[in-house]
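*Asks:* show me the folded form of this:
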Amino acid sequence: MRRQTAPYQTRQVRFVDQLSLVAAESAVSTSRHFLRLALSKWQAALIEDDVLLVASELVTNAVTVTGVLPKPPAWDELERLGLVHVRLVGLSDSVVVEVWDVSDEPPRLQRVGDDAEGGRGLLLVQELATRWGSYRTTGGKAVWAQVAVRPPLPRRSPRGERLGGAAVAPPGPDAALLRRIRAGLDTAL
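*Replies:* Next comes the predicted model:
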């Protein structure tokens, strides 16, 4: 365990989005959709891939320790379902992914052989996050990972000269050119 509290408690928080999920196999993909939308909404898409990969590992671990729901629950079982909570916190230079589960056991890095099919999740989190850790909560723990917002790549001229500023996406298709091509195809047919 690396830290006892969340890393944003002493920093300026720009945004927060949170989702609670039943500990089911679908929780990982659902959390990815949720985080993709949140990152898009907060214009943090530059780090989407890293955040989604980190979150997938953390949610997978949380669902595993909470216990995967074996079958659809009956109405009277709904209040006793194991939940996993996912929170995305935006800071000025990074985002923090926090995942709560019912286990009070801290996460542990595992050293696994090349042939192992699993056990590398936290190693991946450690590589992608600037820092990560966990802390105990009432009824379980939260595991968090902070992912730095990378600055956009510098723009370059066609000759490779640095222009400064953010990289600009290549221009979209020329609408007038596409209309002329379509008109030419229509007359040819």
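*Asks:* right, and the helix or strand after the lengthiest helix in the chain?
*Replies:* Longest helix in the chain, counting residues (DSSP state H): helix 48-66. For helix 48-66, the succeeding helix or strand toward the C-terminus, using DSSP states H and E, is strand 83-90.
*Asks:* and the gap between the closest residue to residue 56 other than its chain neighbours and residue 60?
*Replies:* Leaving aside its chain neighbours, residue 56 sits nearest to residue 28 (5.5 Å; criterion: CB to CB, 6 or more residues apart in numbering). The C-beta positions use only the backbone N, C-alpha and C, and glycine is treated the same way. Separation of residue 28 from residue 60 (CB to CB, to the nearest Å) stands at 6 Å.
*Asks:* of these two, give the one with the bigger neighbour count.
*Replies:* residue 28 (20 against 17; other CB atoms under 10 Å).
*Asks:* doesn't the more buried one belong to a helix?
*Replies:* Yes. Under DSSP: H, G, I helix; E, B strand; the rest coil, residue 28 falls within a helix.
*Asks:* ramachandran coordinates for residue 147?
*Replies:* When quoted as degrees, to the nearest 10, the phi and psi of residue 147 stand at phi -110, psi 120.
*Asks:* pull the contacting residues for it.
*Replies:* Under the criterion of CB atoms under 8 Å, 6 or more residues apart in numbering, the neighbours of residue 147 are 47, 50, 51, 54, 94, 95, 96, 97, 128, 129, 130.
*Asks:* want to throw the residues you listed into JSON lines with pLDDT?
*Replies:* JSON lines is the format used below for those (pLDDT from 0 to 100):
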{"residue": "47", "pLDDT": "91"}
{"residue": "50", "pLDDT": "94"}
{"residue": "51", "pLDDT": "95"}
{"residue": "54", "pLDDT": "95"}
{"residue": "94", "pLDDT": "91"}
{"residue": "95", "pLDDT": "94"}
{"residue": "96", "pLDDT": "95"}
{"residue": "97", "pLDDT": "96"}
{"residue": "128", "pLDDT": "91"}
{"residue": "129", "pLDDT": "93"}
{"residue": "130", "pLDDT": "92"}
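*Asks:* filter those to the buried ones?
*Replies:* Applying 16 or more other CB atoms under 10 Å to the contacts of residue 147, the neighbour count classes 47, 50, 51, 54, 94, 95, 96, 97, 128, 129 as buried.
*Asks:* in a markdown table: those residues, plus distance to residue 122.
*Replies:* A markdown table is the format used below for the buried ones among the contacts of residue 147 (distance: CB to CB, whole Å):
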| residue | distance to residue 122 |
| --- | --- |
| 47 | 19 |
| 50 | 15 |
| 51 | 16 |
| 54 | 10 |
| 94 | 19 |
| 95 | 18 |
| 96 | 16 |
| 97 | 13 |
| 128 | 11 |
| 129 | 10 |
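*Asks:* just give me the closest of those residues to residue 67.
*Replies:* Proximity of those to residue 67 (CB to CB) peaks at residue 97, which lies at 21.6 Å.
*Asks:* tell me the angle the helix or strand that closest one falls within makes with helix 48-66.
*Replies:* Assigned by DSSP H and E, residue 97 falls within strand 94-101. On the basis of axes from the mean of the first three to the mean of the last three CA atoms, to 10 degrees, strand 94-101 is oriented at 20 degrees to helix 48-66.
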